[in-house]
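Student: mind looking at a prediction? Sequence and model below.
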Amino acid sequence: MKQRILFIDRDGTILREPEDEQIDSYDKFEFLPGVITALSFLARHTDYKLVLVSNQDGLGTDSYPEADFWPTHNLMLDILRGEGIVFYAQHIDRSFPHENLPTRKPGTAMLTSYMNNPEVDMEHSYVIGDRQTDAQLAENLGCRSLIIGEGMDWKRISEILFAGDRKASVSRKTHETDIQVTIGLDGSGKSNINTGLGFFDHMLEQISRHGNIDLDITCRGDLHVDEHHTIEDTALALGECFALALGDKRGIERYGYSLPMDDCLCQVSLDFGGRPWLVWDAEFKREKVGEMPTEMFLHFFKSLSDGARMNLNIKAEGTNEHHKIEGIFKAFARAVKMAVKRDIEHFELPSSKGML
């Protein structure tokens, strides 16, 4: 089996980077939250080799003497080693940015021995860093990147590297609709949705935002006929995307939530147990909310349940029809967020059957 590598940046990734960008004294020495726990877990549970790759501007010059660098650097290595975290190699570039040397990240000159080694699985290796130059380094190496920042911390990094990034895409094309759905269960609630039905888009955005799910949906449907096919087929494709992204479901909570919305109380309970079923207890007195027929709400969740192979129990009460259906979508999103939560420390199938 080929060797997978984690090319890990130092300042801003392992150690907190000070304002002057030089960790040259003990009072500037501080680990990022979660980094020791995450790297220790990865060292114990994965076969990645750890390689340190760092730019240290002018190291060895009068502006950054060696004697200021190595004490804190070696302290970092000693602390990590005590937790079972050992770097296979260290690559430190000492040049200044204006020199534009090929050894400086995102240049790859320090790392050609990995790029030219047939025993290294570069496609499934990662650069872990905190800057765009780290992402560019990954692209130059031909591997992947995980960049610390919005929605990405060491807890997420360890989960992705151990159990995979739960993403999936589905394309569904019929004589009535042409749909593309992409989902990221471990996202940050970003969405890009266009079905041609404004209120439907607004409801799907609630799933993304309140479920912390990244969701892209485009649908070109036969709206000149009516809304039915667009809503039904989107639900089927979205449900299938959920099922694909969940994979074998190891480590998930599996079950998921109720919430009030002004005058309404909306309750959604679900089980990603592999058996589709819908219990629906919600009535609407208006024919439409926005341009979405209220009769299609039940149909949407029935199709979604079928596609995702999940059990859904939905109940809503209240007087404002807009609040009622929006509350259902938000409660569904929160239930999903709860149910797909993954615990890599207890990476087991949440079932006595042996499969879900």
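Tutor: Yep, it's here. Please read all numbers here as calculations on a predicted model, not as lab measurements. Numbers count the residues shown, from 1 in each chain.
Student: which intervals of this protein have sub-threshold pLDDT?
Tutor: Residue ranges of the chain with pLDDT under 70: 259.
Student: switch the cut-off to 50
Tutor: For the chain, applying pLDDT under 50 flags no range at all.
Student: need the residue closest to the centroid of it.
Tutor: Centroid-nearest residue in the chain: D186, 3.0 Å away (criterion: Cα atoms, centre = their mean).
Student: now it, nearest residue through space, not along the chain?
Tutor: Of all residues not flanking D186 in the chain, R166 sits nearest, at 5.5 Å (Cβ to Cβ, 6 or more residues apart in numbering). (Glycine included, C-beta is placed from N, CA and C.)
Student: count the residues that sit near that neighbour.
Tutor: Using other Cβ atoms under 10 Å, R166 has 21 other residues around it.
Student: so it touches A245, yeah?
Tutor: Yes: between R166 and A245 there is a contact under Cβ atoms under 8 Å: 4.6 Å.
Student: between the two, which contacts overlap?
Tutor: G184, L185 (Cβ atoms under 8 Å, 6 or more residues apart in numbering).
Student: can you give me the end-to-end distance of stretch 57-67?
Tutor: 15 Å (Cα to Cα, to the nearest Å).
Student: likewise stretch 344-355?
Tutor: 18 Å.
Student: ditto for stretch 124-139
Tutor: Span of stretch 124-139 from end to end, Cα to Cα: 12 Å.
Student: and for it, what's in contact with it?
Tutor: 4-9, 12-13, 17, 48, 53, 55, 105-108, 114, 141, 143-149, 157, 161.
Student: what do you get for stretch 68-84?
Tutor: With Cβ under 8 Å, 6+ apart as the criterion, stretch 68-84 contacts 10, 14-15, 22-26, 28-29, 31, 36, 39-40, 43-44, 56, 59, 86-87.
Student: which of the residues you listed fall in helices?
Tutor: Judged by DSSP state H, helices contain the following of these: I36, L39, S40, A43, R44.
Student: let me see the contact set for the nearest residue to the second one once chain neighbours are set aside.
Tutor: Here the nearest residue to L39 in space, its sequence neighbours aside, is I85; by Cβ to Cβ, 6+ apart that works out to 4.6 Å. With contact set as Cβ under 8 Å, 6+ apart, I85 has these partners: I36, L39, S40, A43, L50.
Student: and L111, by the same measure?
Tutor: Applying Cβ under 8 Å, 6+ apart, the residues contacting L111 are F7, V53, H91, L141.
Student: and H202, that's in a helix?
Tutor: Yes: applying DSSP: H, G, I helix; E, B strand; the rest coil, one finds H202 inside a helix.
Student: can you count the residues close to it?
Tutor: Around H202 there are 16 residues (other Cβ under 10 Å).
Student: that one and T195: what is the separation?
Tutor: Here H202 is placed at a distance of 10 Å from T195 (Cβ to Cβ, to the nearest Å).
Student: most distant residue from the centre of the protein?
Tutor: D62 (43.0 Å).
Student: any idea how far that one lies from K285?
Tutor: Distance from D62 to K285, by Cβ to Cβ: 79 Å.
Student: rewinding a little: distance to S351 and neighbour count added to the contacts of I85, as CSV?
Tutor: Listed next are the contacts of I85 as CSV, based on distance: Cβ to Cβ, whole Å; neighbours: other Cβ atoms under 10 Å:
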residue, distance to S351, neighbour count
I36, 33, 17
L39, 31, 26
S40, 29, 16
A43, 30, 16
L50, 35, 19
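Student: L223: which of these is nearest?
Tutor: L39 (51.4 Å; Cβ to Cβ).
Student: Provide a list of residues in contact with the closest one.
Tutor: L50, L80, E83, I85, W154, S158.
Student: okay, and which of those residues map to strands?
Tutor: L50 (DSSP state E).
Student: now, which of the contacts of stretch 68-84 lie within strands?
Tutor: Filtering these for membership in strands, criterion DSSP E, returns F87.
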